[in-house]
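In: model the following, please.
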Amino acid sequence: MVVASLELKPDRPLVICDADEVLVQFLVGLERFLLRNNRKLVLKSFAIHGNVVDAATGETITHDEVTRLLKDFFQHDTHQLDPVPGAADALNALRAQAQIIVLSNLPETAREIRRAHLASHGMDYPVIAGSGPKGPIVRDIVQAIKAPVVFIDDLPPHLTSVAQATPHVHRLHFVADRRLARMIEPAQDAHRRIDDWPSARTWIESVIS
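Out: Reported below is the predicted structural model:
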């Protein structure tokens, strides 16, 4: 799906939501995938590259192989990721007041898999497959929206990119996995840092109402 195909109402609030570590438990799913491939994730930093090792020898896997593994993971395991607790209920409540779309950096070949998987867990929303910083694509999405907009992501660089491209958009830093959450400070370019969906819903409602 491309931005031009979205059917958005200009006068209705909009929530743009990342998927990995916001709607689905990316890290837990990746760990399962890596173990099936005799690899292991060693969380020394808030990153994937540089933290994947051979499960038998402990040797760090090369950048190129990690990239290949991630491509295979998105293609074959996207439909097996567990939902983040409370995400579906919160979005279902928010949809009474707002439009909701998912903006997720993943290969276009995995976009429909992600959409169907989210829908199977009660999150049936349009999915845009992006790549790179999210600011430019968010700018394209919101250019006709006259109501409040909320952007949610786990990665500070995306929040910074959106802050630079669309300063008026309300930005929420959300990290579902508790291990990752402990590793990273609240993003400087986010308006709030919240890591659970009941609290996030309350904040979003206050922004869009």
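In: list the buried residues in stretch 58-74.
Out: Neighbour-count burial for stretch 58-74, counted by 16 or more other C-beta atoms under 10 Å, picks out 61, 66, 69-70, 73-74. Every C-beta, even on glycine, is put in place using the N, C-alpha and C of the backbone.
In: farthest pair within the residues you listed?
Out: Using C-beta to C-beta, the pair of those lying farthest apart is 61 and 74, separated by 17.1 Å.
In: pLDDT-wise, what's the bottom of the buried residues of stretch 58-74?
Out: Ranked by pLDDT, the buried residues of stretch 58-74 bottom out at residue 74, which scores 88.
In: helices and strands around the host helix or strand of that residue, which ones?
Out: Using DSSP states H and E, residue 74 falls within helix 63-77. Other elements packing on helix 63-77 under the criterion 3 or more C-beta pairs under 8 Å, 6 or more residues apart in numbering; DSSP states H and E are helix 26-36, strand 52-54.
In: and these: which comes nearest residue 195?
Out: Closest of the helices and strands packed on helix 63-77 to residue 195 is helix 26-36, at 13.3 Å (criterion: C-beta to C-beta).
In: how far off centre is the closest one?
Out: In terms of C-alpha atoms, centre = their mean, to the nearest Å, the centre of helix 26-36 is found 17 Å from the chain centre.
In: how is the residue of the chain most remote from its centre assigned, secondary-structure-wise?
Out: Residue farthest from the centre of the chain, counting by C-alpha atoms, centre = their mean, is residue 57 at 32.1 Å. Under the three-state scheme (DSSP: H, G, I helix; E, B strand; the rest coil), residue 57 adopts coil.
In: okay, now the domains of the protein?
Out: Annotated domains of the chain cover 3-25+83-208, 27-80 [automatic domain parsing].
In: now the end-to-end length of the longest one.
Out: So the one you mean is domain 3-25+83-208. 22 Å (C-alpha to C-alpha, to the nearest Å).
In: the shortest one too?
Out: This stretch, domain 27-80, spans 12 Å end to end (C-alpha to C-alpha).
In: just how off-centre is it within its chain?
Out: On the basis of C-alpha atoms, centre = their mean, domain 27-80 is displaced by 18 Å from the centre of the chain it belongs to.
In: and what of the first one?
Out: In terms of C-alpha atoms, centre = their mean, the centre of domain 3-25+83-208 is found 6 Å from the chain centre.
In: mean confidence score for it?
Out: Averaging pLDDT residue by residue across domain 3-25+83-208 gives 96.
In: show me where the protein has its strands.
Out: 14-17, 39-41, 52-54, 99-105, 127-130, 149-153, 170-173, 192-193 (DSSP state E).
In: any chance of these in TSV, plus distance to residue 121?
Out: Putting the strands of the chain into TSV (distance: least, C-beta to C-beta, whole Å) gives the following:
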stretch	distance to residue 121
strand 14-17	14
strand 39-41	24
strand 52-54	27
strand 99-105	12
strand 127-130	13
strand 149-153	17
strand 170-173	20
strand 192-193	24
